[in-house]
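>>> next comes the sequence, and after it the predicted model I'd like to discuss.
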Amino acid sequence: MAIGQKKQRWTLFSRESEPEEYLLEGYSAGRVRESIPVRVAPDTAVVSDIIAPQVVVEGLVHGFIIARELFIAATGRVWGDVYATAVTIAPQGQLNGWLSTIDEQTYTSLYENPQVLVNLAASQNGSSAVKALPPQLHTAANELLNTLPPERVGILHLLQQEAGTALAARLELEQEFERRLDETHVQALNEATSLRQQEAMFLSKQGESRQQIADLQAQLDVRARELGERTAEISTAHHTIEKQADELLDLQTHYSMQTAELSAAQQRIEQLQGQVQLLERQAEATAERIHSLDIALQDSLQRGSEQEEALVRWQELAELTEKQAKEAKAELDTLSMQQREGAQTLAIMRDQRNRLEQEWDKAQDEITKLKKQLAAQAEQPNLAGQVAQLQKELERKVSELNLTKQAMVESTGALAQAKRQMEFAEQDLKRVREQEAALGLAQEQIRKLHEEQTDLNQELNHIQGEHRLLKVDSERRITALQQDNQRARERLQEMQGQMTASQAVLQAAEAKLQQATEREQQQEKLVARLGHELQQAQQAQANQVPAVELETLRAQLATLKADYSLQQSQVKQLKEEVQSSRSRLQAFEQEVETYRQQIGQQGGRVAELQGELVEHDLRYKQVLAGARKQAAELQQIKQAAQQRIAALQADVQKARQQVQDLTAVLERYRKK
């Protein structure tokens, strides 16, 4: 008997004041003690005590009930004592036991300690009344209780309990019997209905069986022909698979050869990669060397340009100074000669001056004497003419002496000016000699710079040669790699074509295998249907189907099953061969894909090498462009230096003209 107990809540449409309840369904055993209302559902048997505030009995309860409110519905039956504050029994409801009214305090104590029920029942024995019983039953119950002795009441109570227990057991047995009876009845009805349906089906199919057997015979013949065709197709497919296996063996052999070629190509690629790495290192070293040489060349070009500019200035200054030195030397020689001549003239003039001074002294003496003589001989008239003549001669000599003195002063000034010019010329000569020494040092530095530039040019030419050789070698190796890559690509395309053909053959074999599988499935369905029909025919009455036809059907079915098993084994073998071919083809595709990736990596490496060569060419072109630019700047500097030299030459020509004018002035002074 199923036992069901669950709590239910009031729905939205129920009264809000009503709390949730505890629902008892099916068969329940064990004391029920809840603080919420308890309801015993219809067709429910509860063999236990119930303690709850409100109890609603719609089924059978065997045991005592303690509650504030008890309601026994029309379908409810209670076999046991009831202890409640209020009891309501609906018409046709049954209470087989003692009813005791209690107050709230007693209910609380009983709820907390149900063991006091024995003492409570003894103390309240015969004092309770069922308020909801009909009057005649109420009177009869009171009279019966009053006439019976106390021990009889206890025995009656015990008998009522035993009767309740028996009734509950009987009810349970009746329910179980009714349930089993209903199940047996339903099962018998179902079996009878099924048998009737099967009988009707067999009767309806009895006429169809022979026609189906004939149809099956025809179908078996058709299947036999189809089986022969399938056998032929399977043989053809087997030959095709053998042919594909041979082709796959050829492809595998070819693949082994290609693998060997690929290994050789990989070794060659590794060698080429080693060579490329070596070339890269050489190219990097060359690039670093070119970069360092470029920096050194730029520094030397800058220093050379500065030194060339300084050299041009020193050369211009040296040429100018050399010319000035030559001119100054010539002028110095001239001035020296003029100085010697002037010294000689000065000595002569000094002698003349001395003589003139002596003559002047003599003249003064003579004048003094003449004055004395004149004073002594003033009286003599003949001497007056002589004195006048002497005075005139004296005045003439005095004027000549003054002119000579003025000429001496002028000669002394010219000589002092000539000395100053000689000193200036000596200073210029000293400066020219210093400039000549600096010019020699600058020429030595320029010579060293020219030597360094020559060495750098030789080194640059050597680097250019190495770069050309490296470029030619790299281009040759790149061309060889590209040719190898092209051959590998052609070989890869050929392998892809072969693989495509193999895939087409494999797809055709798979299509045939799919068709064979579909036919196998159809045949399997046919065998299953025939087996089912044969089983149905065997389950029918033996006299309704001829035994010969059944045996024939069994033999045909066994033959068809044997053919089907053979076909299954052949199809399985074909599947295994196709799977093996597919696996080998997948392995071949993976190897081809690996080969393609390696070729792609090799092509990428060649592209990187070409990019590096292009980058080196660009850097080399940039270096050459910088050198050409510096050469053009040096040419511009030389042109500017030439223009400056021309301007300095004009200035020197002017200075030379001034020196010539000064020489002419000195010559005029010397002549005077």
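Nice, I can see it. Residues are numbered from 1 along each chain as shown.
>>> what values do phi and psi take at residue 47?
phi -110, psi 80 (degrees, to the nearest 10).
>>> does it have beta-bridge partners, and which?
residue 29, residue 62 (DSSP bridges).
>>> can you check the pLDDT for it?
On pLDDT, residue 47 comes in at 86.
>>> residue 299 too?
70.
>>> and for residue 630?
So residue 630 comes in at 63 (pLDDT).
>>> how is the protein partitioned into domains?
Here the domain parsing of the chain from automatic domain parsing is 3-147, 235-295+467-632.
>>> least reliable of those by average pLDDT, please.
domain 235-295+467-632 (a mean of 68).
>>> now do the closest residue to residue 471 other than its chain neighbours against residue 56, distance only.
With Cβ to Cβ, 6 or more residues apart in numbering as the criterion, residue 471 has its nearest non-adjacent residue at 6.3 Å, and that residue is residue 613. Glycine gets a C-beta too; all of them are placed from N, C-alpha and C. Residue 613 sits 103 Å away from residue 56, going by Cβ to Cβ, to the nearest Å.
>>> now swap in residue 355 and tell me
185 Å.
>>> so the two - more neighbours on which side?
residue 56 (20 against 12; other Cβ atoms under 10 Å).
>>> secondary structure class of the more buried one, three-state.
Secondary structure assignment for residue 56 (DSSP: H, G, I helix; E, B strand; the rest coil): strand.
>>> what's opposite it in the beta bridge?
Here residue 56, judged by DSSP bridges, has bridge partners residue 39, residue 71.
>>> for it, what are its contacts?
21, 37, 38, 39, 40, 71, 73, 76 (Cβ atoms under 8 Å, 6 or more residues apart in numbering).
>>> now do residue 58
Residue 58 touches 39, 40, 41, 42, 44, 73, 75, 76, counting by Cβ under 8 Å, 6+ apart.
>>> narrow those residues to those in strands?
39, 40 (DSSP state E).
>>> quick one: residue 253 from residue 596, how far?
From residue 253 to residue 596 the distance is 21 Å (Cβ to Cβ).
>>> compare neighbour counts for these two and give me the winner.
The residue with more neighbours, out of residue 253 and residue 596 and counting by other Cβ under 10 Å, is residue 596; that gives 15 against 10.
>>> any idea how far residue 558 is from that one?
Using Cβ to Cβ, residue 596 is found at 56 Å from residue 558.
>>> same thing with residue 274?
Counting by Cβ to Cβ, the gap from residue 274 to residue 558 is 73 Å.
>>> check residue 396 too.
From residue 396 to residue 558 the distance is 189 Å (Cβ to Cβ).
>>> could you report the neighbour count for residue 49?
19.
>>> sorry, slip of the keys, the one I care about is residue 61.
Counted with other Cβ under 10 Å, residue 61 comes out at 31.
>>> so how far is residue 517 from it?
On the measure of Cβ to Cβ, residue 61 and residue 517 end up 68 Å apart.
>>> go on, residue 86?
Counting by Cβ to Cβ - residue 86 and residue 517 are separated by 81 Å.
>>> next: residue 337.
136 Å.
>>> between these two, which is the more surrounded one?
residue 517 (14 against 10).
>>> host element of the more buried one?
helix 382-539 (DSSP states H and E).
>>> before we move on, what about residue 270?
Per DSSP H and E: helix 150-376 holds residue 270.
>>> again with residue 657
Assigned by DSSP H and E, residue 657 falls in helix 547-671.
>>> what sits against the residue nearest to residue 55 when sequence neighbours are not counted?
Among residues not flanking residue 55 along the chain, residue 67 sits closest, at 4.4 Å (Cβ to Cβ, 6+ apart). Contact analysis of residue 67 by Cβ under 8 Å, 6+ apart lists 50, 51, 52, 53, 54, 55, 82, 83, 84, 85, 107.
>>> repeat that for residue 61.
Counted by Cβ under 8 Å, 6+ apart, residue 61 has contacts 40, 46, 50, 76, 77, 78, 79, 80.
>>> likewise residue 215?
So residue 215 contacts nothing (Cβ under 8 Å, 6+ apart).
>>> measure it to residue 222 for me?
Residue 215 is 10 Å from residue 222, by Cβ to Cβ.
>>> of the contacts of residue 58, just the buried ones, ChimeraX syntax please.
Buried residues within the contacts of residue 58, by 16 or more other Cβ atoms under 10 Å, are selected in ChimeraX with:
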select :39,40,41,44,73,75,76
